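>>> Sequence first, predicted model second:
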Amino acid sequence: MLVSAKEMTAAARAGHYAIGAFNLNNLEWTKAVLKAAQEEQAPVIVQCSEGAGKYMSGYKTVVDMVNDVMDNMHITVPVALHLDHGTYEGCLACIDAGFSSIMFDGSHFDIEENIAKTKELVALAHSKGMSIEAEVGGIGGEEDGVVSQGECADPEECAKIASLGIDFLACGIGNIHGKYPANWAGLRFDVLEAIKDKVGDMPLVLHGGSGIPTEMIQEAIKLGVSKVNVNTECQIAFAEATRKYIEAGKDLQGKGFDPRKLLAPGSDAIVATVKEKRSSAPTARHDALTASHCICRARTGICRTNTEMKRVCRQDIPSCYFRPYMTGQSAIIVFRKLFIPLFQAYHNLPG
């Protein structure tokens, strides 16, 4: 069953770690992310942009797919289904469709309109038992065709939005969507610290988590970041693995053209990437939510000495969170742009 993201992000904030939030693009993505989370025994936020929701034939399709995959794969870890960068109308649609969490991105409105719309959605989401994320300050880069230069959030405006009762807050601190350029100036920790001072224990969200250096992620978590969004790296990993499969001519061997075989290397690459985001160092399990400043180590498992379900987690060494993945790639190949021509070519085969 899908759960709100409120409890997991609050626990992460208290324990000084971060929950991984991974964007979905299709069935393969959903299975891969949930498989990795289950094998890692870690809670996870799976999220869907409005563009991806349209690509997958609507939000209800996404809800049904995630629920059915969870049931079929016997997923037992906590899973929240979250709308990423939602419009006001998109949030309403996802509430009706059965999402367990939403993000309202009102950062492009003036602060008064952002406050008014956020306040309405907070009341509605909480009445349904859903968690809600809001945003102040634009996140740079491109998201579903919307390009933003990005801007740092105003700490005073962050305090106003946080006071509305939201569950976690996204704030622009120099982070961007997509691949970070070589001349990227880095995260503005002075701004993040000022925001933290204004919003107190409010869990903060770092968008554009793909490609940020380890030490920056760790410092951001120390300053209150409790949810880290990852999308681009999974897309790159999928594209790279699929490209290798085709360039090796494996699609021409036997029934290698079967989509289930063709897409398998990409799916496996997503699983590996999600696991790497969670932990890239040896770990030890223990019974408290403690901090090493890495992405989500909180785990849920069955106590081997008792039939009672108990929360456990693992403590990672401080350098565990982030090893940049495929940083030498010269371009980001978005899954939907890659898969559509493959899909069309498959249906154009004779016979």
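Cool, got the structure. Numbers count the residues shown, from 1 in each chain.
>>> Okay, strands next: where are they in the stretch 151-300 of the chain?
Taking DSSP state E, counting those that start in this stretch as the test, the strands found in the stretch 151-300 of the chain are 168-171, 204-206, 225-230, 283-286, 298-302.
>>> elements contacting the second one?
Put plainly, it is strand 204-206. Using 3 or more C-beta pairs under 8 Å, 6 or more residues apart in numbering; DSSP states H and E, the elements in contact with strand 204-206 are strand 168-171, helix 189-199, strand 225-230. Just so you know, the C-beta spots here come from the backbone N, C-alpha and C atoms, and that holds for glycine as well.
>>> Can you tell me the number of residues neighbouring the closest residue to Glu219 other than its chain neighbours?
Leaving aside its sequence neighbours, Glu219 sits nearest to Phe189 (C-beta to C-beta, 6 or more residues apart in numbering; 5.9 Å). By other C-beta atoms under 10 Å, 16 other residues sit near Phe189.
>>> so Phe189 makes contact with Ala220?
Yes. Here Phe189 reaches Ala220: they are 7.5 Å apart, a contact under C-beta atoms under 8 Å.
>>> anything in contact with each of the two?
Shared contacts of Phe189 and Ala220, defined by C-beta atoms under 8 Å, 6 or more residues apart in numbering, are found at Ile173.
>>> give me every residue that touches Val229.
In this structure residue 229 is Asn, not Val. Counting by C-beta under 8 Å, 6+ apart, Asn229 touches 21-23, 47, 84, 205-209.
>>> Gly20 too?
Here Gly20 is in contact with 42, 44-45, 228, 230, 274, 277-278, 295-296 (C-beta under 8 Å, 6+ apart).
>>> Which ones among the residues you listed map onto helices?
274, 277-278 (DSSP state H).
>>> Can you tell me which of those residues lies closest to Lys119?
Of all the ones in helices among the contacts of Gly20, Lys119 sits closest to Lys277, with 33.2 Å by C-beta to C-beta.
>>> where's the closest one relative to Glu40, distance?
Distance of Lys277 to Glu40, computed by C-beta to C-beta, to the nearest Å: 10 Å.
>>> Neighbour count for the two, which is higher?
The neighbour comparison of Lys277 against Glu40 (other C-beta under 10 Å) goes to Lys277, with 28 against 22.
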